[in-house]
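Student: After the sequence you'll find the predicted model.
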2 protein chains.
Amino acid sequence: MEIYLVEDHPLVTEGIKAIFDKENGMNCTHSFDNGKDLLAKLHIHQPDVIVMDINLPDANGIDLCKTVKDQYPSVSVIALSINNEKSIIKKMMENGASGYILKDAAKYEIVDAIKAVMQRKTYFSISASNTLKKPDERKLPALTRREKEILIKISDGLTNQQIADQLFVDVSTVSSHRKNMLAKYDVPNTAQLIKLAITERLI
Amino acid sequence: MEIYLVEDHPLVTEGIKAIFDKENGMNCTHSFDNGKDLLAKLHIHQPDVIVMDINLPDANGIDLCKTVKDQYPSVSVIALSINNEKSIIKKMMENGASGYILKDAAKYEIVDAIKAVMQRKTYFSISASNTLKKPDERKLPALTRREKEILIKISDGLTNQQIADQLFVDVSTVSSHRKNMLAKYDVPNTAQLIKLAITERLI
DNA sequence: AAAAAATTCCCCCATCGGGGGGTAGGGGGG
DNA sequence: CCCCCCTACCCCCCGATGGGGGAATTTTTT
């Protein structure tokens, strides 16, 4: 069985290769440290499985996974990532991944993942599956285009008046938006709004 | 030559072990996935070198390195980290580390590091040494203990009055600290102060 | 011990922000 | 076709914030 590996950290690459070497019938025939090389190689030959890091230097694994699955639907993709966010995992699976393994996974998990995927099953590492099972995190309401625009200006230290001038609207409008955001996220003031916006990657 | 490895990601552990296995005379005799186990083992026996991840589940490598070097000065420590920040690298070296390797390092770098350290030299992976050479980034003034304490409360949405009550000081004191911070970082209001504090990891 | 920094407290005063309302046009989706 | 969301605008009020000072006490560093 042929496996390709896409991973930009040599130390991890070595680790995975070493694990495969000890398994009968698992062969990491090629490894790549970026998405471009992988796509070039796939053009010539397709393996059974691709183990793919999500954090690549030249592309993000989410898009890369989609590209690969669009062009070669028969190739299974296992995502490998330090990122333990439900939304990322979900997106990856929507894009056709067959498994998701966190980098803190135990050795056997990567082997189990390959085995599962070869049987057309999906596989999640323990911590990834915990994350998925976790009760839906209070999903924060999304910012509208305008709100985001204004919030960024607020975070840049501009006052309502300055923002209003820049956007050619009335101060009261900006104030409205600000108030809406405070209400939307149930925070008492701008300080906490900014904190929340940054820590939750809203801006 | 004996090497201990402290690293909580099995994939990386495997990678490093595999690299050492291919080198003559380099032997990773023990590996640990936390600091406590390492210290317990060191009590009994000390290796020549410890390769130590900075991001451990039960301790941060910076303190762990200091503890190890204080108790066993003859043991060399090589730091292993994804963290490419000058201040962290410096702090690690001050605490007695003999080398610093980023996790994106090439295979040979970890081997070279061990060799260098055995000759009582220090070693930095390419990217780590680039970071060190980089012209001193505009270093932001540090927050004092009290300032940090107050800034965190501000970011949690508390008003000056509430903070004053919690800390048993006058509102004017809190206001003073707030003003000092605004001046210190040259920002016009709290919103930008919070943004800066979070993006620059001051809190 | 002297110098520097941190922490605490105080004044005044203009502006900004947040709480409470309400109104209304336009666009997209059910 | 109708409703909801987004957008935009308006009012009042007052507490919180930021800008300008100054100053005493403790802690830390040199």
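Tutor: Perfect, I can see it now.
Student: So A:Leu80: helix, strand or coil?
Tutor: For A:Leu80, the assignment made with DSSP: H, G, I helix; E, B strand; the rest coil gives strand.
Student: from what I can see it touches A:Ile50, true?
Tutor: No - the pair A:Leu80 / A:Ile50 is not scored as a contact, 10.0 Å apart, by Cβ atoms under 8 Å. (C-beta placed from N, C-alpha, C; glycine too.)
Student: List the buried residues of the helix or strand where A:Ala183 lies.
Tutor: According to DSSP states H and E, A:Ala183 maps onto helix A:171-185. For helix A:171-185, the neighbour count (16 or more other Cβ atoms under 10 Å in any protein chain shown) marks A:Val174, A:His177, A:Arg178, A:Met181, A:Leu182, A:Tyr185 as buried.
Student: Same question for stretch A:81-89.
Tutor: Burial within stretch A:81-89, assessed by neighbour count using 16+ other Cβ under 10 Å, is assigned to A:Ser81, A:Asn83, A:Asn84, A:Ile88, A:Ile89.
Student: Kindly report the same for stretch A:40-49.
Tutor: Neighbour counts over stretch A:40-49 (16+ other Cβ under 10 Å) mark A:Lys41, A:Leu42, A:Pro47, A:Asp48, A:Val49 as buried.
Student: quick one: the third one is in a helix?
Tutor: No - inclusion of A:Pro47 in a helix is not indicated when three-state DSSP is applied; the result is coil.
Student: ok, and does the helix holding A:Ala183 reach over to DNA strand C?
Tutor: Yes - judged by Cβ under 7 Å from any atom of the strand, helix A:171-185 and DNA strand C are in contact via A:Ser175, A:Ser176, A:Arg178, A:Lys179, A:Leu182.
Student: what does stretch A:147-159 give?
Tutor: Yes - using Cβ under 7 Å from any atom of the strand, stretch A:147-159 reaches DNA strand C at A:Ile154, A:Thr159.
Student: what sits up against that stretch?
Tutor: A:143, A:162-163, A:166-167, A:174, A:177-178, A:180-181, A:190, A:193-194, A:197-198, A:202-203, B:187-189, B:191-192, B:194-195 (Cβ atoms under 8 Å, 6 or more residues apart in numbering or on different chains).
Student: Can I get that stretch in PDB, CA atoms only?
Tutor: Coordinates of each C-alpha in stretch A:147-159 appear next as PDB, following Å, rounded to 0.1, in the frame of the first residue of the first chain:
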ATOM      1  CA  GLU A 147     -19.600  45.700  11.900                       C
ATOM      2  CA  LYS A 148     -16.300  44.000  11.200                       C
ATOM      3  CA  GLU A 149     -15.100  47.000   9.300                       C
ATOM      4  CA  ILE A 150     -16.000  49.300  12.200                       C
ATOM      5  CA  LEU A 151     -14.700  47.000  14.800                       C
ATOM      6  CA  ILE A 152     -11.300  46.900  13.200                       C
ATOM      7  CA  LYS A 153     -11.200  50.600  13.200                       C
ATOM      8  CA  ILE A 154     -12.200  50.700  16.800                       C
ATOM      9  CA  SER A 155      -9.400  48.300  17.600                       C
ATOM     10  CA  ASP A 156      -7.000  50.600  15.800                       C
ATOM     11  CA  GLY A 157      -7.800  53.200  18.300                       C
ATOM     12  CA  LEU A 158     -10.200  55.400  16.300                       C
ATOM     13  CA  THR A 159     -13.100  57.100  18.000                       C
END
